[in-house]
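Q: Quick one, structure for this:
(chains A and B)
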Amino acid sequence: MLIELKNVTKIYNQGQINEVTALKGIDLTIDDSSMTCLRGASGSGKSTLLAIIGCVFQPTTGRVSIAGKQLSRLPDRFLTLHRRQYIGFIFQTFNLLPALTVQDNITLPLVPLGIAPVEMRRRAAVLMDRFAIAHRRNFPASQISGGELQRVAIARALINNPPLILADEPTAHLDSRLSEEFMHFMKDLKTAGKTIIITSHDPLVTEHADVDRIVDIKDGRIDAA
Amino acid sequence: MLLNSWSIALLLCGLIVLFLMGLAARSAIRVLLFWNPESDSNRQIRLENEIWLTSTLVEYALGIQIISLIVFVLAADFYSQSIAGAMCATGSLLANSFGVPALLVKIGGVFFYGFWIVLHHLDIHSEKYPLVRVKYIYLLFLIPLLVLDLALEILFITGLKPDIITSCCAVVFGDATGGGSNLLGGFTHGLSMGLFYGTAGALILLGVVLLERWQRWLGVLFSSGWLWFFLLALTVVTTEFSSYIYAMPFHKCPFCILQPEYHYIGFVIYFALFLGAFFGMSGAVVEPLRFVEGLEEGVTGYQRSAVKLSLLFLVFFVLVSSYHYWRYILIGGEG
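A: This is a model prediction of the structure:
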């Protein structure tokens, strides 16, 4: 799934007194089945860039194409379908619903697709076994450990079998052991043919052997690629 | 007649719709000047976001305008209580020279506004907004119609004077004026009924053929047939069927059937007729869009649904509108 960004700019609060230019003329190509790390200090624009690639935000100018299709400006109904089908998002704070069980959190992205509950549970069971959280199946997300939360978040991102995985500072709240574990999971996903983009300034991620490419972001521009 | 709830509701509706359309006209001009789907510029992206909101507002505004036809007829019926000689909306509408033109503009508007909504739905069901220019040019043509609609409405309402003596439906469509047959240019009972059922039958046949295989010329014929049937049905309901609904041979009126003493059957009849005619005609209206990139599938899907719905409403309309007539023919009068 080749990703191409051409002259992407993002301005928040355009025309207002608190206008902020988060990205300035980004040109970037990301290869299929690769692991790319967007590295930069806090406020450099790397999370904004990830959100634009993930079709969460629209660029102010420029074009984002995934697999040859311009997605950034698709009408909302098509964008929603695209996100469901092609993108798995892992958030910095995982964004699980604390009152739902582990299984229900994982199957949540399948609910709008109208998939039968039996099939949902079957798919969730495969992922829970893979990430060693099957014993927590019926625990509410509020009652599991940080490492388990991380694995639930990864399982939720993978339940639709998306070809593109986006992770925003996934190790920011994890100790070094869990960060290593996270990168191990990412390596497996890359081997399985997924395209992975991670934003981070954690050396455990940026210096990991399986990261194919580091893209440095500074003040909204690509510093070196 | 301005200071009553019906007049205020009608005028507010008209003014709100016109205000929203005025805002949309600004977007329409920007679309005409700057729309370029190939561009990645900030202006194009902002325009795309702007027209998404504008189109939604226009859709609702036109929806309100379509509904205002019902409000207008009910208002005309209400005014009849204050006008000497009027017994229903017929008398009110004939109380000055703006009533009937206002009604006709509103009836025509239902179709023109509805076609815009169909264009909009085809457009947003495609990934590339292929109809933005077309629908905004069309929108600019709708604005004079809306202004005319509101102007006639205001002239009609302000021109209603309680001391003007008008005629009731019994006089307008009564035997002295040709028993309503003047509406059909002197068609005999047998001819008008034959035309009514014959056209309905032909439309059903054409519709079934179109559902099997869409052909452009048959589609145009189907839509033209619906236009003819719509006009014919309005007059046949007035001149033939209404007196059976009222169970009074001398009472022929297109509006009294909307009243509670006739169980509001007129609403059912007219809803079915208007919806059937709209869907029947819109199939051919969207036909040229088949050749726009990315729309062929959407147009085909819409045409099939439109033909199905038009046939459904046609059958329902024929059954409901002629029920009292056939009941009388087969089992006699009210007893």
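
Q: Unless I misread the structure, B:S97 falls within a helix.
A: No. Applying DSSP: H, G, I helix; E, B strand; the rest coil, one finds B:S97 to be coil, outside a helix.

Q: Now do the same contact list for the nearest residue to it once chain neighbours are set aside.
A: Computed as CB to CB, 6 or more residues apart in numbering or on different chains, the closest residue to B:S97 that is not its neighbour in sequence is B:G159, at 7.9 Å. Every residue, glycine included, has its C-beta placed from N, CA and C. Residues near B:G159 by CB atoms under 8 Å, 6 or more residues apart in numbering or on different chains: B:95-98.

Q: Can you redo those as CSV, where the extra columns are pLDDT, distance to A:I133 and neighbour count?
A: Below are the contacts of B:G159 laid out as CSV (pLDDT from 0 to 100; distance: CB to CB, whole Å; neighbours: other CB atoms under 10 Å in any protein chain shown):
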residue, pLDDT, distance to A:I133, neighbour count
B:A95, 82, 78, 27
B:N96, 84, 78, 19
B:S97, 87, 79, 10
B:F98, 91, 74, 20
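
Q: just the residues you listed now: which is nearest A:R177?
A: If you rank the contacts of B:G159 by distance to A:R177 using CB to CB, B:F98 comes first, at 83.0 Å.

Q: Closest one of the contacts of B:G159 to A:P75?
A: B:F98 (42.2 Å).

Q: number of nearby residues for residue 209?
A: With no chain named, the answer covers chain A. 7 (other CB atoms under 10 Å in any protein chain shown).

Q: look at chain B instead
A: Count around B:V209 with other CB under 10 Å applied: 15.

Q: Quick one: list the elements packing against the helix or strand in which it is found.
A: Using DSSP states H and E, the element containing B:V209 is helix B:189-212. With contacts defined as 3 or more CB pairs under 8 Å, 6 or more residues apart in numbering or on different chains; DSSP states H and E, helix B:189-212 has these neighbours: helix B:216-236, helix B:296-331.

Q: any idea of the angle it forms with helix B:216-236?
A: 150 degrees (axes from the mean of the first three to the mean of the last three CA atoms, to 10 degrees).

Q: Check which helix or strand the spatially most central residue of chain A maps to.
A: Centroid-nearest residue in chain A, with CA atoms, centre = their mean: A:L166, separated by 2.0 Å. Using DSSP H and E, A:L166 sits in strand A:164-168.

Q: ok, that strand: who's next to it in the sheet?
A: strand A:87-90 (parallel), strand A:195-199 (parallel) (DSSP bridges).

Q: hey, which of these is tucked in deepest?
A: strand A:195-199 (a mean of 25; mean count of other CB atoms under 10 Å in any protein chain shown).

Q: Just the CA atoms of the following helix or strand past it, as CSV, please.
A: Using DSSP H and E, the helix or strand that follows strand A:195-199 in sequence is helix A:203-206. Written as CSV, here are the backbone C-alpha positions of helix A:203-206 (Å, rounded to 0.1, in the frame of the first residue of the first chain):
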residue,chain,number,x,y,z
PRO,A,203,15.1,5.5,21.0
LEU,A,204,13.7,2.0,21.6
VAL,A,205,11.5,2.6,18.6
THR,A,206,13.6,4.9,16.4
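
Q: Please work out which residues outside helix A:203-206 touch it.
A: Against helix A:203-206 from outside (CB under 8 Å, 6+ apart): A:37, A:39, A:170-171, A:176, A:179-180, A:183, A:198, A:200, A:211, A:214.

Q: Apply 10 Å and report the result again.
A: Helix A:203-206 is contacted from outside by A:35, A:37-39, A:167, A:169-172, A:174, A:176, A:178-180, A:182-183, A:186, A:198-200, A:211, A:214, A:216, using CB atoms under 10 Å, 6 or more residues apart in numbering or on different chains.

Q: Drop anything exposed from those.
A: A:35, A:37-39, A:167, A:169-171, A:174, A:178-179, A:182-183, A:186, A:198-200, A:211, A:216 (16 or more other CB atoms under 10 Å in any protein chain shown).

Q: Contact partners for B:D163?
A: B:83-84.

Q: Need phi/psi at A:G193.
A: When read as degrees, to the nearest 10, the backbone of A:G193 gives phi 100, psi 10.
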